[in-house]
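A.B. asks: Got a predicted structure here, sequence first:
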Amino acid sequence: MEGTVISDEVCMKDALENGIPKTDTESKLQGPEDYILNGTLRRPHMEWWRAVFLVLGDILGTGILAIPSGLASMGWLLGVLFLVVMCGIFIYCGLLLYRMRLMYPHIRTYGDLGREVYGKWGEWAVYLVQYTSLFLVLPVYLLVASTALRDTVAPNSCLIIWMFVNSGILLVFMQTRTLRFNAWYSLFGTLAIVVTLVIAIVQIIIDASSSTTHGELVSSTGFEKGLVGSGDIIFAYSGIYVFIEFMDEMKHPHHFSKVIYSANISLFFAYAIVGILGYAVYGKFVVNPITSSLSAGPVKRVANAFLWLHVLVAFIVHALVFNRAVAVRFCKKYVDDFRWKGLLAWFTVTFVSTGLSLILNIFFPYLSDIESLAGTLFSPITGFLYPNLFYWKCAGSKMSAKQRWFGWFILVVFGICYTILGTYGTIYSMVQNVGATPLLYKCL
């Protein structure tokens, strides 16, 4: 994969040629101590191995629980092949963002990159898609966390009560503002999902003794369902749209390539194990999340308890990126201000975003389809389309013909064609589900 991109030395040279002073560029690539950037004190102290846990804590979560049902929608042949291909493509596109961050070491967000490459239009094109996607994921996480907590404590209780409980818990923990601190949250969240998966795998193996189905080579669920399933797999890998924000917190940003390889390879093996076992045991009747397919009992409750802990962390990490973006737009001077005015401004932003997530859960009944929609509509744009379009402009004549053709293939096939087809399949599924869920959650 390294052969398809430009070396770090070329990235450094490009940065210098773009008018960035040598000492400033070198210091940022090597990882400075505290420094002032655009009037804001920056503290990029996070090591690369902690960034791996941050990425895993961000990506490895509700997505992996949908892999078995994704395979069920596509069948063994297409499903496993798609799982492998997506791993390679997300590594490649992640490396493109990494290289561009080295070219422009002063940028802090994906939107900053868009501005550097295509001006204001590029900036807002990124922000519109990135933060819409980020926000729509928050209600999904809140729903999954609330369902998991309810199934742990009192399976027959009112779901909306647990939504309010989780909203209060999240509001408290979101008052920590830096990804450096939240890396420890992500470490805890990663351990929680690992425990969830271990418990789920053990129960799946136990349930295998009574299983009478082993999946289908080619799924019989139909073309549209297959597109929805592929969207679940893409959503499970997506997350590179916050890679630049993660690099902004790193002590040595040029080590982020280690993060990309380590995280994506770990994701692939985790997805393959859970997806193959889950689909083989439960067949086409497997549901999302896989924990709901487990046999009822204490083991299922314990699995849901750890799932709850993990999803809370995933919500916090996603919400931090979203809330910082909102705060920068409306109260920039208070973003890194820890005096009472800064604390109040940050609390207001987090209160509004959490409250809106709660309201969407109450009044919008089709949140189970939002995950697939994010995978088929937003993830290809931020994960495939933008990285290749931006890199094409940044690298220009330095790209070989092979690199250009490979970039165009990803851009056209996955960035454009798949976005159109996948979104059609997801919307088709949502229309088919109209009326299946009540408008408001009712107590059982």
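C.D. replies: Right, received. Where do you want to start? Numbering: from 1, shown residues only.
A.B. asks: Can you tell me which helices and strands the helix or strand containing Leu187 packs against?
C.D. replies: Here Leu187 sits within helix 179-207, counting by DSSP states H and E. Packing contacts for helix 179-207, counted by 3 or more CB pairs under 8 Å, 6 or more residues apart in numbering; DSSP states H and E, involve helix 48-59, helix 243-248, helix 256-282, helix 298-330. All C-beta atoms are positioned from the backbone trio N, CA, C, and that covers glycine.
A.B. asks: any idea which helix or strand comes after the first one?
C.D. replies: With elements assigned by DSSP H and E, the helix or strand that comes after helix 48-59 is helix 62-65.
A.B. asks: Sort out which residues of that following helix are buried, please.
C.D. replies: Thr62, Gly63, Ile64, Leu65 (16 or more other CB atoms under 10 Å).
A.B. asks: just those residues now: which is nearest Glu224?
C.D. replies: Nearest to Glu224 among the buried residues of helix 62-65 is Gly63, at 20.5 Å by CB to CB.
A.B. asks: Can you check which helix is longest in the protein?
C.D. replies: helix 110-153 (DSSP state H).
A.B. asks: Show me the shaky parts of this protein.
C.D. replies: 1-45, 57, 178-183, 335, 364-372, 433-444 (pLDDT under 70).
A.B. asks: who touches stretch 378-387?
C.D. replies: Outside stretch 378-387, the residues within contact range by CB atoms under 8 Å, 6 or more residues apart in numbering are 89-90, 93-94, 96-97, 100, 110, 114, 125-126, 129-130, 132-133, 136, 231, 234-235, 237-238, 240-241, 410-411, 414-416, 418-419, 422.
A.B. asks: ditto for stretch 317-328
C.D. replies: Outside stretch 317-328, the residues that reach it (CB under 8 Å, 6+ apart) are 54, 57-58, 109, 111, 127, 131, 134-135, 137-138, 141, 170, 174, 177, 179, 182, 185-186, 189, 242, 245, 334-335, 345-346, 349-350, 353-354.
A.B. asks: Can you name the helix or strand that the nearest residue to Ile260 once chain neighbours are set aside falls in?
C.D. replies: Using CB to CB, 6 or more residues apart in numbering and skipping the chain neighbours, the partner closest in space to Ile260 is Gly94 (4.4 Å). Per DSSP H and E, Gly94 falls inside helix 67-103.
A.B. asks: Just the buried positions in that helix, please.
C.D. replies: Those would be 67-76, 78-80, 82-83, 86-87, 89-103, for helix 67-103 by 16+ other CB under 10 Å.
A.B. asks: What of stretch 409-427?
C.D. replies: Ile410, Leu411, Phe414, Gly415, Tyr418, Thr419, Gly422, Thr423, Gly425, Thr426, Ile427.
A.B. asks: With just CA atoms, put it into PDB.
C.D. replies: Output in PDB follows, covering the C-alpha atoms of stretch 409-427 (Å, rounded to 0.1, in the frame of the first residue of the first chain):
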ATOM      1  CA  PHE A 409     -11.500   3.600  -9.800                       C
ATOM      2  CA  ILE A 410     -12.200   4.200  -6.100                       C
ATOM      3  CA  LEU A 411     -13.700   7.600  -6.800                       C
ATOM      4  CA  VAL A 412     -16.100   6.400  -9.600                       C
ATOM      5  CA  VAL A 413     -17.000   2.900  -8.400                       C
ATOM      6  CA  PHE A 414     -17.300   3.500  -4.700                       C
ATOM      7  CA  GLY A 415     -17.400   7.200  -4.300                       C
ATOM      8  CA  ILE A 416     -20.100   7.900  -6.900                       C
ATOM      9  CA  CYS A 417     -21.800   4.700  -8.200                       C
ATOM     10  CA  TYR A 418     -22.000   3.000  -4.800                       C
ATOM     11  CA  THR A 419     -23.300   6.100  -3.100                       C
ATOM     12  CA  ILE A 420     -26.200   6.300  -5.600                       C
ATOM     13  CA  LEU A 421     -27.100   2.600  -5.600                       C
ATOM     14  CA  GLY A 422     -26.500   2.100  -1.800                       C
ATOM     15  CA  THR A 423     -28.600   5.100  -0.900                       C
ATOM     16  CA  TYR A 424     -31.400   3.900  -3.200                       C
ATOM     17  CA  GLY A 425     -31.300   0.500  -1.500                       C
ATOM     18  CA  THR A 426     -31.500   2.000   2.000                       C
ATOM     19  CA  ILE A 427     -34.300   4.400   1.200                       C
END
